[in-house]
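Trainee: Could you work out the structure for the sequence below:
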Amino acid sequence: MSGFVLKPATRRRTEPVSALPEHTEPTRHRILSNTVRNCESPQEFVAEIEKLWGEAQEKFLTIGRYLVQAKNRLRHGEFELMVATQLPFGKNVAYQLRIVALAVEQNRLEERELPRSYSNAFRLAQMSEAVLSRARAGNLVRPDVTRREIAEFVSIITAEAERQEPDDARVAREIRRLRQRVATLEDELAEAKAKLAELEERRIIDGNAEEAA
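Mentor: Residues are numbered from 1 along each chain as shown. Reported below is the predicted structural model:
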């Protein structure tokens, strides 16, 4: 497992890992590329902002492609170790970026239609083919789609699926939900009782101590 020696200073870096393409750019070039230029008109502001949005989308897709490559090429355990200890983001973000890149590679999503937010892109990428087709027909597969639009669409799909469930399946699902709720409430009640008993005991002890004084 050469190349994955863990040093304290390298854990959870705050800058991109050196494998990413933007990290190989000369420092001066990176600084200049982040310089804010003076704009005078709405058109100029829109042009600059759209360019940066496009670059952000390209970056997260490129990172996702590196993660796909790493998953396929690294030996067993190396990929998980790298994600857990050497990247500037956690395993959940790494998973989402990889799923988006896979969706593009498998032609389920086109690069030009990817949402500019990787989290919105992930929500589309994890949809089934049938649901994704409906999302596309509803004009949700586009760069400027919002989280709210996707959430509302998913709510509609979920409600439709629940209505189509047989009665016994709906009842069984509701029973599971209520059992989980009851278990959670019982845990909260037990915790509250223990805390209450602790506070009451402390008050009695403090009261006795004051009387003795």
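Trainee: give me phi/psi at F45?
Mentor: phi -60, psi -40 (degrees, to the nearest 10).
Trainee: Number of residues surrounding it?
Mentor: A count of neighbours around F45, defined by other Cβ atoms under 10 Å, yields 11. (C-beta placed from N, C-alpha, C; glycine too.)
Trainee: try the one 3 residues further on
Mentor: By other Cβ under 10 Å, the residues close to E48 number 13.
Trainee: How much space separates it from E58?
Mentor: Taking Cβ to Cβ, to the nearest Å as the measure, E48 and E58 are separated by 16 Å.
Trainee: for this structure, longest helix please?
Mentor: With residue count as the measure and DSSP state H as the assignment, the chain has helix 167-212 as its longest helix.
Trainee: just checking, what packs against that one?
Mentor: Helices and strands touching helix 167-212, by 3 or more Cβ pairs under 8 Å, 6 or more residues apart in numbering; DSSP states H and E: there are none.
Trainee: Return the residues in contact with V154.
Mentor: Neighbour list for V154: R123 [criterion: Cβ atoms under 8 Å, 6 or more residues apart in numbering].
Trainee: Need the per-residue pLDDT for it.
Mentor: The model reports V154 with a pLDDT of 93.
Trainee: I'd like the distance between it and T62.
Mentor: From V154 over to T62 the distance is 27 Å, taken as Cβ to Cβ.
Trainee: for L74, same thing?
Mentor: In this view, L74 and T62 are 18 Å apart by Cβ to Cβ.
Trainee: do E186 as well
Mentor: Taking Cβ to Cβ as the measure, E186 falls 48 Å from T62.
Trainee: same thing with E201?
Mentor: With distances taken as Cβ to Cβ, E201 is found 60 Å from T62.
Trainee: Ok, S117 next?
Mentor: Counting by Cβ to Cβ - S117 and T62 are separated by 16 Å.
Trainee: what about those two, which has more around it?
Mentor: Ranked by neighbour count (other Cβ under 10 Å), S117 and T62 place S117 first, with 19 against 15.
Trainee: And for the more buried one, nearest residue in space, chain neighbours not counted?
Mentor: Nearest-residue entry for S117: R147, 7.2 Å, with adjacent residues in sequence omitted and distances by Cβ to Cβ, 6 or more residues apart in numbering.
Trainee: For the one you found, grab phi and psi.
Mentor: Dihedral pair for R147: phi -60, psi -40, per degrees, to the nearest 10.
Trainee: what's the domain layout of the chain?
Mentor: In the assignment given by automatic domain parsing, the structural domains of the chain cover 8-164, 172-213.
Trainee: need the least confident one among those domains, by mean pLDDT.
Mentor: Summarising mean pLDDT across these, the least confident stretch is domain 8-164, with a mean of 80.
Trainee: which secondary structure element contains the residue positioned nearest the centre of the chain?
Mentor: For the chain, the residue lying nearest the average C-alpha position, counting by Cα atoms, centre = their mean, turns out to be V93 (4.7 Å). V93 is part of helix 91-105 when elements are defined by DSSP states H and E.
Trainee: for the helix or strand following that helix, packing partners?
Mentor: Following the chain from helix 91-105 toward its C-terminal end, the next helix or strand by DSSP H and E is helix 118-125. For helix 118-125, the packing partners by 3+ Cβ pairs under 8 Å, 6+ apart come out as helix 42-73, helix 91-105, helix 147-164.
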